[in-house]
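Undergrad: Please find the sequence and the predicted model below.
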Amino acid sequence: MSNTTGYRSGSPVSTPGWRRVFRGANGTPPVVSIPKPRSHGEWSTPRPATTSGKLDWDGADVVYSRPNGGRAAATYSKPGAAPLTVTLGCAYTGNMSPGAEFVANGNSNFTFRSQVAGLDTGGVCLEQSTTSWDAEGSQDRGIYTFTFSRTVTNLSFTIADIEGHVGDSWDAVLPSPGYAVVSKTPDIVEQPDPNFGDALVFSHSGSDNAVSEETGSGGNLTLSYAGPLTFVSLMLWNGAESFAGTVDTDQRLVVSDLTFDFAP
């Protein structure tokens, strides 16, 4: 999260009886062939072979492209496997938009952070800001989707820098369903949101004065998805109760490297 100082500008269907179903043509009993029982191995479908992968956003085995602040793609190559591409996209509701509120602060959406406190590696940024003068909560929100070019299983990643700052921004994160919480730092809390079918929303338990992701490690959440899946999404909004007139409303999270299994 950034904290740059500035100033705001029919009817029932009858079921045929057993006698009718089992009568053949002209009322003659049909010839019924009962298949020979098969062994368990004959019935089961073998699972396709998979290999493990790790997409390091700025790694040597990844080609990353970012045409603009609204989309990006990372193509991961592993010896013995066909390349796998993860496409990053975003969509916004209300007055939320990608990048910083003030043009001078730039647009860090889908850019890299080489190091995040509490992680062994860095990650890719999700940055947004609202232009609403009053806090609108989840009415102003962004949805960030990571789409895989083919099915993956056992996906795992960390969302870092979930923070809170009174009068500025209070990160609220709602992951797409199907996840398990692997770990979270003590300051991360979860609560059901009735606006989204009581899905759990993760946020910071208190204000940490917008500590930067390079130095603060109290806002990390690690999730895993057993899958199989071809995409995962993160919904993000500003849960601050009000905005101070002398600060921006920028929000910035970092998504760590992705680990997963996939068919080579």
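TA: Done, it's in. As the structure is a computational prediction, the values presented were derived from the model and not from experiment. Numbers count the residues shown, from 1 in each chain.
Undergrad: Strands along the stretch 51-200 of the chain, start to end?
TA: Using DSSP state E, counting those that start in this stretch, the strands of the stretch 51-200 of the chain run over 51-55, 62-68, 71-76, 84-93, 96-98, 112-113, 123-130, 141-160, 171-175, 179-184, 188-193, 199-204.
Undergrad: The last one - contacts with which helices or strands?
TA: In terms of contacts (3 or more Cβ pairs under 8 Å, 6 or more residues apart in numbering; DSSP states H and E), strand 199-204 is packed against strand 171-175, strand 188-193. For the C-beta atoms, the positions are set from N, CA and C on the backbone; glycine is no exception.
Undergrad: Dump the strands of the stretch 51-200 of the chain to TSV, plus mean pLDDT and distance to L223.
TA: Formatted as TSV, those follow (pLDDT from 0 to 100; distance: least, Cβ to Cβ, whole Å):
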stretch	mean pLDDT	distance to L223
strand 51-55	95	15
strand 62-68	93	21
strand 71-76	96	19
strand 84-93	96	16
strand 96-98	89	22
strand 112-113	86	19
strand 123-130	91	14
strand 141-160	96	7
strand 171-175	95	6
strand 179-184	96	4
strand 188-193	94	11
strand 199-204	94	9
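Undergrad: The host helix or strand of V232 pairs with which strands?
TA: According to DSSP states H and E, V232 maps onto strand 229-238. Strand 229-238 has the following strand partners under DSSP bridges: strand 141-160 (antiparallel), strand 171-175 (antiparallel).
Undergrad: buried set for that strand?
TA: By 16 or more other Cβ atoms under 10 Å, the buried positions in strand 229-238 come out as 229, 232-238.
Undergrad: Look up the pLDDT of S217 for me, please.
TA: Listed pLDDT for S217 reads 60.
Undergrad: just the one 10 residues further on next, same as before
TA: Each residue has a pLDDT score; the one for G227 is 91.
Undergrad: right, so the strands of the stretch 51-200 of the chain: which one is the most enclosed?
TA: strand 123-130 (a mean of 26; mean count of other Cβ atoms under 10 Å).
Undergrad: same for it, what does it pack against?
TA: Using 3+ Cβ pairs under 8 Å, 6+ apart, strand 123-130 sits against strand 84-93, strand 96-98, strand 112-113, strand 141-160, strand 229-238, strand 251-255.
Undergrad: partners of the residue sitting nearest the centre point of the chain in the sheet?
TA: Closest residue to the average C-alpha location of the chain: S233 at 3.0 Å, with Cα atoms, centre = their mean. Going by DSSP bridges, S233 is paired in beta bridges with T145.
Undergrad: thinking it is in contact with P177, fair?
TA: No. In this structure, S233 is not within contact of P177 by Cβ atoms under 8 Å, at 9.7 Å.
Undergrad: which residues do the two both contact?
TA: With Cβ atoms under 8 Å, 6 or more residues apart in numbering applied, the contact sets of S233 and P177 do not overlap.
Undergrad: Can you tell me what sits against the strand holding V232?
TA: 96, 126, 128, 130, 135, 137-148, 150-153, 155, 159, 169-176, 178, 196, 225, 249, 251, 253, 255.
Undergrad: same deal with stretch 141-153?
TA: 50, 53, 83-94, 96, 98, 126, 128, 226-237, 255, 258, 260-263.
Undergrad: Can you show me the CA trace of that stretch as PDB?
TA: Taking Å, rounded to 0.1, in the frame of the first residue of the first chain, the C-alpha atoms of stretch 141-153 are listed here in PDB:
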ATOM      1  CA  ARG A 141     -13.700  -2.500  -6.200                       C
ATOM      2  CA  GLY A 142     -11.300  -4.200  -8.500                       C
ATOM      3  CA  ILE A 143     -11.200  -7.800  -9.600                       C
ATOM      4  CA  TYR A 144      -7.800  -9.300 -10.600                       C
ATOM      5  CA  THR A 145      -7.800 -12.600 -12.500                       C
ATOM      6  CA  PHE A 146      -4.900 -15.000 -13.100                       C
ATOM      7  CA  THR A 147      -5.800 -17.300 -16.000                       C
ATOM      8  CA  PHE A 148      -3.700 -20.400 -16.800                       C
ATOM      9  CA  SER A 149      -3.400 -21.600 -20.400                       C
ATOM     10  CA  ARG A 150      -4.100 -25.100 -19.200                       C
ATOM     11  CA  THR A 151      -5.300 -26.800 -16.000                       C
ATOM     12  CA  VAL A 152      -3.300 -26.700 -12.900                       C
ATOM     13  CA  THR A 153      -3.600 -28.300  -9.500                       C
END
